[in-house]
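Engineer: please find the sequence and the predicted model below.
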Amino acid sequence: MKRIYMDHGATTPLREEVLDAMLPYLKEKYGNPSSLHSFGREARKALDEAREKVAAGLGVAPEEIVFTSGGTEANNLAIMGVVRGIAPIKNHIITSAVEHHAVLDTVKFLGQMGYEITILPVDEYGMVSPRQVEEAITDRTILVSIMTANNEIGTIMPFEEIGAVCREKGVYYHTDAVQAIGHIDFNLREQPVDLLSLSAHKFYGPKGVGALYVRKKTKLKQVFFGGGQERKLRPGTENLPGIVGLGRAMELAVADMPEKREKLIRLRDRLVEGLLQIEDVRLNGHPLQRLPGNVNVSVLYVEGESLLLGLDLKGIALSSGSACTSGSLDPSHVLMAIGLDHQTAQGSLRFTLGKDNTDEEIDYTVEAVRKTVDYLRAMSPVYRK
Amino acid sequence: MKRIYMDHGATTPLREEVLDAMLPYLKEKYGNPSSLHSFGREARKALDEAREKVAAGLGVAPEEIVFTSGGTEANNLAIMGVVRGIAPIKNHIITSAVEHHAVLDTVKFLGQMGYEITILPVDEYGMVSPRQVEEAITDRTILVSIMTANNEIGTIMPFEEIGAVCREKGVYYHTDAVQAIGHIDFNLREQPVDLLSLSAHKFYGPKGVGALYVRKKTKLKQVFFGGGQERKLRPGTENLPGIVGLGRAMELAVADMPEKREKLIRLRDRLVEGLLQIEDVRLNGHPLQRLPGNVNVSVLYVEGESLLLGLDLKGIALSSGSACTSGSLDPSHVLMAIGLDHQTAQGSLRFTLGKDNTDEEIDYTVEAVRKTVDYLRAMSPVYRK
Amino acid sequence: MYNEKVMDHFQNPRNVGEMDNPCGVGEVGNMKCGDIMKIFIKVENNIIQDIKFLTFGCGAAIASSSALTEMVKGKTIEEALKITNKDVADELGGLPEAKMHCSNLAADALHKAIEDYKSKS
Amino acid sequence: MYNEKVMDHFQNPRNVGEMDNPCGVGEVGNMKCGDIMKIFIKVENNIIQDIKFLTFGCGAAIASSSALTEMVKGKTIEEALKITNKDVADELGGLPEAKMHCSNLAADALHKAIEDYKSKS
Ligand SMILES: Cc1ncc(COP(=O)(O)O)c(C=O)c1O
Ligand SMILES: Cc1ncc(COP(=O)(O)O)c(C=O)c1O
């Protein structure tokens, strides 16, 4: 059976060009960048080059990039790192209810540790407004962390405006851009962002490597300890093949962005149109301010995991907002935050399209969803016509 | 010029068999192990299998393995994690003066945070004795962290005896085994170890992936926050290719151990014998209780970095205990801890042999060292005959 | 995640649908997991002659319902009452740990249907 | 790490060795970095006719010593005194940031040697 992958928000395939860039560092160029000898020097050179590529992709200086093991670590380092850098002079952190757990749970942990925290609610589209942020900032605020674009419902936040508010108030602004790289233009020399997280495997790079952009002079301290790597901000022998892959993936993501964006928007809109023709299907997230490849719908009267299983049997890979998906009992905190009831949140599907999806796949998928929905509704006690 | 790599303590080349095991996960098997669909399930299966392999190599259960981004993170998680799990009921941590910075600096950080810390001195060979540990334990002690084998001078600690003392006293025992995997037999079902760190790239696996063994029921809490991966102990999308590589590398390391050990000891002893024939060269570390591939010598009257450079020009890659190597002003804390004076510590070289080194390479190296030493001594103001 | 037997029940659920004039109906809903299950039974001579189900829920919930109906058909009321949620999971060859709570509904729904039948007769 | 010029001086140090009957000797040692440098000069008619060095230190220290001797040979005492550590680093086409302290010795040793020469004459 042909398989159709529509879960690029979970992870993407590694691009061939990226693997090609990595392979020498998985083979003969195995030196440790900290070593002085020739093996070490060729490794160091590759590390420097990858850093330049990531920096170029964001429009910043290479010294402002800290490599991490992924988006989760970048988010933790950003938040805990500035808190360590600034506390106890100030003690307040602001975030939103729709952040990824890597941000939300970190902030909640700091709340348990005695920090003051504010978790901003969102509107029905999952948006935080700059005004909300402005009102929440106090003279004890260290940091505002609001994501660039939401991983579940695709809503793009007004991050530049939020950043501008933070800058005006003299508060650090961190944005989790894990889902945004390759979709949104960044030029951080101009944009009021102090810290930005990214993760390579979300844009056709390797798993297990990410980066944190740390604007010069930002008071950030390391959160774990060891050798002097990454200017002491992130110790440990560098994942050089991964970092080289991240550099190459960034380069390609930026180069392909205009073309990819156009294609994804076309596919996305075709998918939305098809899905909304199925009875009792509703789009979640912002209708316009949304990631090119993201489609999130609630399918009333059916449960998400069974939909997902049914579609998987037809070769289609996607995610659901179902509780049962993650083994946890609660449905997606994002869908709850935008005001869905429990049952509607449970019956949600997330399609995240990628550069290799096709029109035919979209059409096949719409048909498959229709059939699976019909099949499950026929067995649903809450759907009776 | 043929290059000779004798810096396996810094990092090792990736074995071909390991890369072969990884490649499918860098290509078509790109799913996220947390996804329910077919791509996710094949990823999950690989994750489970890798965990079983690592567990088997240590003689423990798969649920006792937590994957990390390397040895540094494993050490941080072990120490901060049990401290978070147990404090503030108890507040004392014991370690040694010759630990890797990933342990030592973590413990020192906890010291700054107000925990009570004890940094045990070592004898002239770099050994900590079980008795020292016993005497240092108080009824407030949470954890003892003493490495299995030292990365600079190769000294193997009496870790089983130290563990036995800890067990008797009801204190957790963590050991940094980053340099020991593939050289020392572990069967942690029998050995009194509660936490053990390892890093794949030190035994022919990939960079950027490691693991922490956490004995069942050990009170360990996560140190960073995010998704539910690794039973919530270590969130973040798993570095699946890396983890698969770690599993395979572990399997091979254990299988090849007897043969490799024998070969390395032979090469090591040949190298030691050759080097000690050069005037004013002294062996550092324990003469017998030392890692098979480790040779650490002080070459009097010359500085380590220039030795290292001279040897690099002859194609030989190794490390030095020189201050200048790391860009820091202080020479190796390990060499200082075993009582070397500043200048002698500066003039030290570490050779760490690997499975592919040959007798010819050893002989070539001894000659190259002799010539480089002669050359540098001729220009040294502190060496005048 | 799910074994073949579970997937077979999910893909080819047995005895799915509503029943006209059932002798007993049982409905349980676990709003925590979001699952809702409805069981219809037809009883003659103390024997469950027919059984049908409707389920809103995850794969495990659907498969459990289906498996339960197969287990129950032709059994006496007393035999049927002895079936536990664990029996259903065992019949399916096991369910993932995280899913045990989802499938802990099928036997409950059956027991309710039997109660309903008893209360009416 | 080091550029080609530095490596050339490291591999082929100019004017290395001791000097018989020098007019001035300067020794500096930076025990922090562990480097020790000794400069010997021969002066005639206020001109540094010959210069030699001995160095215990890292690659940067050796290269700096060697480069300095080349820069100084044939210069007048006054010209030589104007040479700074930075000039030496520049002559080498730059040194790694972390190494600046190691090379900050060569000019110091020269100045000491000149002092020694002056104090004797
Ligand atoms: C918005 C967002 N932030 C952070 C992460 C965490 O990234 P990673 O899993 O690579 O650590 C993800 C993806 O899982 C994400 O979608
Ligand atoms: C003894 C020891 N512990 C910890 C580490 C850290 O491992 P990694 O650099 O893979 O994080 C190393 C190696 O650098 C080591 O030799």
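Structural biologist: In hand now; what should we look at? Ligands and ions are numbered 1, 2, ... in the order given.
Engineer: three-state assignment of the residue in the stretch 1-150 of chain A that ligand 2 sits nearest to?
Structural biologist: Nearest residue of the stretch 1-150 of chain A to ligand 2: residue A:32, at 8.0 Å (C-beta to the nearest ligand atom). The C-beta positions use only the backbone N, C-alpha and C, and glycine is treated the same way. Recorded secondary structure, residue A:32: coil (DSSP: H, G, I helix; E, B strand; the rest coil).
Engineer: from residue A:227, how far off is it?
Structural biologist: Going from residue A:32 to residue A:227 by C-beta to C-beta, to the nearest Å gives 10 Å.
Engineer: show me the shaky parts of the stretch 201-350 of chain A.
Structural biologist: By pLDDT under 70, the weakly predicted segments of the stretch 201-350 of chain A are A:322-329.
Engineer: all helices for it, in order.
Structural biologist: Using DSSP state H, counting those that start in this stretch, the helices of the stretch 201-350 of chain A run over A:240-276, A:304-313, A:323-326, A:333-337, A:342-346.
Engineer: of all those helices, which lies closest to residue B:88?
Structural biologist: Residue B:88 lies closest, by C-beta to C-beta, to one member of the helices of the stretch 201-350 of chain A: helix A:333-337, at 30.5 Å.
Engineer: packing partners of the closest one?
Structural biologist: helix A:342-346 (3 or more C-beta pairs under 8 Å, 6 or more residues apart in numbering or on different chains; DSSP states H and E).
Engineer: residues contacting the closest residue to residue A:182 other than its chain neighbours?
Structural biologist: Nearest residue to residue A:182, sequence neighbours excluded (C-beta to C-beta, 6 or more residues apart in numbering or on different chains): residue A:253, at 3.6 Å. Going by C-beta atoms under 8 Å, 6 or more residues apart in numbering or on different chains, residue A:253 touches A:57, A:181, A:182, A:203, A:204.
Engineer: can you count the residues close to the third one?
Structural biologist: Residue A:182 is flanked by 29 other residues according to other C-beta atoms under 10 Å in any protein chain shown.
Engineer: in which helix or strand does it reside?
Structural biologist: Using DSSP states H and E, residue A:182 maps to neither a helix nor a strand.
Engineer: in contact with it, which residues?
Structural biologist: Counted by C-beta under 8 Å, 6+ apart, residue A:182 has contacts A:202, A:203, A:204, A:253, A:254, A:256, A:257, A:260.
Engineer: what distance do you get for it to chain B?
Structural biologist: Note on residue A:182: its distance to chain B, by C-beta to the nearest C-beta, to the nearest Å, is 16 Å.
Engineer: returning to that earlier point: dump the helices of the stretch 201-350 of chain A into TSV; add distance to ligand 1 as well.
Structural biologist: What follows is the helices of the stretch 201-350 of chain A, written out as TSV (distance: least, C-beta to the nearest ligand atom, whole Å):
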stretch	distance to ligand 1
helix A:240-276	11
helix A:304-313	17
helix A:323-326	12
helix A:333-337	10
helix A:342-346	18
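Engineer: single out the most deeply packed of those.
Structural biologist: Of all these, helix A:304-313 has the most neighbours on average by mean count of other C-beta atoms under 10 Å in any protein chain shown, namely a mean of 25.
Engineer: contact partners of it?
Structural biologist: If you take C-beta under 8 Å, 6+ apart as the criterion, helix A:304-313 is touched by A:299, A:317-322, A:324-325, A:346-349, A:365, A:368-369, A:372-373, A:375-376, B:36-38, C:2, C:7, C:10-11, C:57-59, C:61-62.
Engineer: now those residues: which count as buried?
Structural biologist: Buried members of those, scored by 16 or more other C-beta atoms under 10 Å in any protein chain shown, are A:299, A:317-322, A:324-325, A:346-349, A:365, A:368-369, A:372-373, A:375-376, B:36-38, C:2, C:7, C:10, C:57-59, C:61-62.
Engineer: who touches residue C:56 in this structure?
Structural biologist: A:301, A:302, A:303, A:380, A:381, A:382, A:383, C:34, C:35, C:36, C:37.
Engineer: inside helices: which ones of those residues?
Structural biologist: Counting by DSSP state H, the contacts of residue C:56 place none of their members in helices.
Engineer: endpoint to endpoint, stretch C:72-81 covers what distance?
Structural biologist: One end of stretch C:72-81 to the other measures 9 Å (C-alpha to C-alpha, to the nearest Å).
Engineer: what lies in contact with that stretch?
Structural biologist: Contact partners of stretch C:72-81, identified using C-beta under 8 Å, 6+ apart, comprise C:15, C:41, C:43, C:46-51, C:83, C:110-111, C:114, C:117-118.
Engineer: highest neighbour count among those?
Structural biologist: The contacts of stretch C:72-81, ranked by neighbours (other C-beta under 10 Å): first place residue C:110, 29 neighbours.
Engineer: residues touching residue A:84, list them.
Structural biologist: Per C-beta under 8 Å, 6+ apart, neighbours of residue A:84: A:220, A:221, A:223.
Engineer: okay if I get the residues you listed as CSV plus neighbour count and distance to chain C?
Structural biologist: Below are these laid out as CSV (neighbours: other C-beta atoms under 10 Å in any protein chain shown; distance: C-beta to the nearest C-beta, whole Å):
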residue, neighbour count, distance to chain C
A:220, 23, 37
A:221, 15, 37
A:223, 21, 31
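Engineer: those residues also near chain B: which ones?
Structural biologist: Contacts with chain B within the contacts of residue A:84, counted by C-beta under 8 Å from any C-beta of the partner chain: residue A:223.
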